[in-house]
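Enquirer: No letters, just coordinates:
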């Protein structure tokens with residue numbers, strides 16, 4: 001092929017502006033470097049990944065095997081099988097005392113697709129949605145892919161990274177269509193109270209906007225109030241995204257759910273039919289078992305283990321000089337201020353990985369305004385690894401001080 005034809009081919013395959021503007025996961029650079037460190041024969045302690053170290057509970061695995069043996073491998077409806085939708089609704093009734101119509105529950109191919117489809121159902125091109133800073137890095141990318149606009153509301157550590165009505169009201173404009181936030185949140189572990197969520201919901205309702213709440217870490221609550229909660233307890237019209245990935249340990253099964261206002265379900269179903277056809281069939285039948293007594297007992301034991309890890313790591317990091325004003329109340333993350341050690345979180349994380357073989361995530365993935373001041377620890381590793389990680393970090397800090 002001539003150089004002219006090569007250039008023509010490259011021109012024909014140029015990337016769209018949307019694809020070019022999508023930000024990568026910067027933690028992937030940490031992971032690539034961690035692989036190089038491991039290739040040197042060193043053992044890296046991974047505290048950068050938001051994935052539980054626990055395997056999927058055995059009752060779920062066995063249910064998946066039965067589905068395969070029974071030949072349950074064909075498409076389902078785009079909104080999922082009725083048995084799982086009913087099981088989700090029953091879980092809300094038993095656990096959170098909500099009389100939820102199961103037809104408002106839509107099964108999705110993971111929370112990511114559920115959230116993307118919810119945004120597609122709510123936002124028009126050039127509509128504006130408000131996001132929190134810090135927050136999950138995929139949110140702005142979803143919005144950009146839809147051709148809509150986003151604007152950040154900067155949250156303050158002194159207020160436990162909680163969004164209050166005053167900040168929301170100040171940020172809301174004539175172009176604002178919706179607010180999206182997570183509770184419990186990634187990366188901060190912040191869990192808003194039902195009262196705080198209710199205040200935001202009331203304001204958004206007055207503005208005739210949409211309130212989207214990511215509850216993917218529902219069930220991973222710590223402290224005095226450790227039972228699962230949902231914004232639906234105070235705002236029945238909220239749009240909820242959830243997943244079997246975190247609390248139920250089904251990350252690789254790619255299965256989640258959304259709870260929608262009933263009037264929104266037909267539009268959501270049309271989008272799902274075109275975008276995913278249906279959620280993974282085997283995963284759906286396996287997920288029904290997530291709500292069994294045996295699985296819920298296992299999940300609760302794991303929640304307690306996460307709380308023990310949180311308590312240990314918060315105390316240890318504070319002792320080492322990391323800034324943690326408020327212990328996280330949910331998820332499995334600690335968002336720590338590193339100003340005592342560095343003014344560049346990316347450089348700090350890379351140096352820690354190279355010299356101490358401990359991988360953590362820099363703030364650049366989560367914040368536009370505070371990215372150099374914070375790092376995220378994921379206490380997804382077991383206690384023995386966490387103890388070794390703290391030992392290595394202490395040795396590292398003593399050498400660089």
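Expert: The structure has been received and is ready for your questions. All values reported here derive from a predicted model rather than from experimental measurement.

Enquirer: for the longest helix anywhere in the chain, which positions count as buried?
Expert: Criterion DSSP state H: the longest helix present in the chain is helix 293-320. Of the residues in helix 293-320, those buried by neighbour count under the rule 16 or more other Cβ atoms under 10 Å are 295-296, 298-299, 302-303, 305-307, 309-310, 313-314, 316-317, 320. For the C-beta atoms, the positions are set from N, CA and C on the backbone; glycine is no exception.

Enquirer: any idea which helix or strand comes after that helix?
Expert: For helix 293-320, the succeeding helix or strand toward the C-terminus, using DSSP states H and E, is strand 333-337.

Enquirer: can you pull out the helices in the protein?
Expert: 3-12, 17-21, 27-39, 58-69, 82-96, 110-122, 138-145, 165-171, 194-206, 265-275, 281-287, 293-320, 345-356, 383-400.

Enquirer: could you dump the ones you listed to a markdown table with mean pLDDT?
Expert: A markdown table is the format used below for these (pLDDT from 0 to 100):
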| stretch | mean pLDDT |
| --- | --- |
| helix 3-12 | 56 |
| helix 17-21 | 78 |
| helix 27-39 | 88 |
| helix 58-69 | 98 |
| helix 82-96 | 98 |
| helix 110-122 | 97 |
| helix 138-145 | 94 |
| helix 165-171 | 98 |
| helix 194-206 | 98 |
| helix 265-275 | 97 |
| helix 281-287 | 98 |
| helix 293-320 | 98 |
| helix 345-356 | 95 |
| helix 383-400 | 96 |
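
Enquirer: Of all these, which one is nearest residue 185?
Expert: Among those, the nearest to residue 185 by Cβ to Cβ is helix 138-145 (11.2 Å).

Enquirer: For that closest one, name the packing helices and strands.
Expert: Applying 3 or more Cβ pairs under 8 Å, 6 or more residues apart in numbering; DSSP states H and E, one finds that helix 138-145 makes contact with helix 17-21, helix 110-122, strand 128-133, strand 149-154.

Enquirer: Identify all contacting residues around the shortest one.
Expert: Read it as helix 17-21. Here helix 17-21 makes contact (Cβ atoms under 8 Å, 6 or more residues apart in numbering) with 144, 145, 147.

Enquirer: do stretch 262-280 as well
Expert: The contact list for stretch 262-280 (Cβ under 8 Å, 6+ apart) reads 75-80, 101, 103-104, 106-109, 113, 116-118, 120-121, 239, 253-255, 258, 260.

Enquirer: Name the residues of stretch 257-267 that are buried.
Expert: Within stretch 257-267, the residues that qualify as buried are 257, 258, 259, 260, 264, 265, counting by 16+ other Cβ under 10 Å.

Enquirer: do the same with stretch 228-238
Expert: Neighbour counts using 16+ other Cβ under 10 Å place 229, 230, 231, 232, 234, 235, 238 of stretch 228-238 among the buried residues.

Enquirer: Would you work out how far apart the start and end of it are?
Expert: 17 Å (Cα to Cα, to the nearest Å).

Enquirer: ok now it, how far from the chain's centre?
Expert: Relative to the chain's own centre, stretch 228-238 is displaced by 18 Å; criterion: Cα atoms, centre = their mean, to the nearest Å.

Enquirer: and that stretch, average pLDDT?
Expert: Averaging pLDDT along stretch 228-238 gives 97.

Enquirer: Need the residues that contact it.
Expert: Here stretch 228-238 makes contact (Cβ under 8 Å, 6+ apart) with 92, 95-98, 100, 183, 194-195, 197-198, 201-202, 205, 211-213, 215, 218-219, 221, 240, 247, 259, 261.

Enquirer: Can I get the buried ones among the residues you listed as something I can paste into ChimeraX?
Expert: In ChimeraX, this line selects whichever of these come out buried by 16+ other Cβ under 10 Å:
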select :92,95,96,100,183,194,197,198,201,211,212,213,215,218,219,221,240,247,259
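
Enquirer: re the thing from before, residue 361: which of the contacts of helix 17-21 is nearest?
Expert: When the contacts of helix 17-21 are compared for distance to residue 361 (Cβ to Cβ), residue 144 wins out at 21.5 Å.

Enquirer: for the closest one, what are its contacts?
Expert: 18, 21, 22, 150.

Enquirer: Show me which of those residues are buried.
Expert: Among the contacts of residue 144, the ones that count as buried by 16+ other Cβ under 10 Å are residue 150.

Enquirer: Tell me how many other residues crowd residue 325.
Expert: 13 (other Cβ atoms under 10 Å).

Enquirer: Give the burial count for the closest residue to it other than its chain neighbours, as a bare number.
Expert: Nearest residue to residue 325, sequence neighbours excluded (Cβ to Cβ, 6 or more residues apart in numbering): residue 157, at 5.3 Å. Number of residues near residue 157 (other Cβ under 10 Å) recorded here: 19.

Enquirer: thinking again about what came up before, any idea of the angle the longest helix of the chain forms with helix 82-96?
Expert: 60 degrees (axes from the mean of the first three to the mean of the last three Cα atoms, to 10 degrees).

Enquirer: Between helix 383-400 and helix 293-320, find me the angle.
Expert: 20 degrees.

Enquirer: picking that back up, so which of the helices and strands packed on helix 138-145 comes closest to residue 173?
Expert: strand 128-133 (6.9 Å).

Enquirer: And that closest one, what does it pack against?
Expert: Applying 3+ Cβ pairs under 8 Å, 6+ apart, we find strand 128-133 packed against helix 138-145, strand 149-154, strand 176-182.

Enquirer: which neighbours does the shortest one have in its sheet, and in what orientation?
Expert: Strands flanking strand 149-154 in the sheet, each with its direction: strand 128-133 (parallel) (DSSP bridges).
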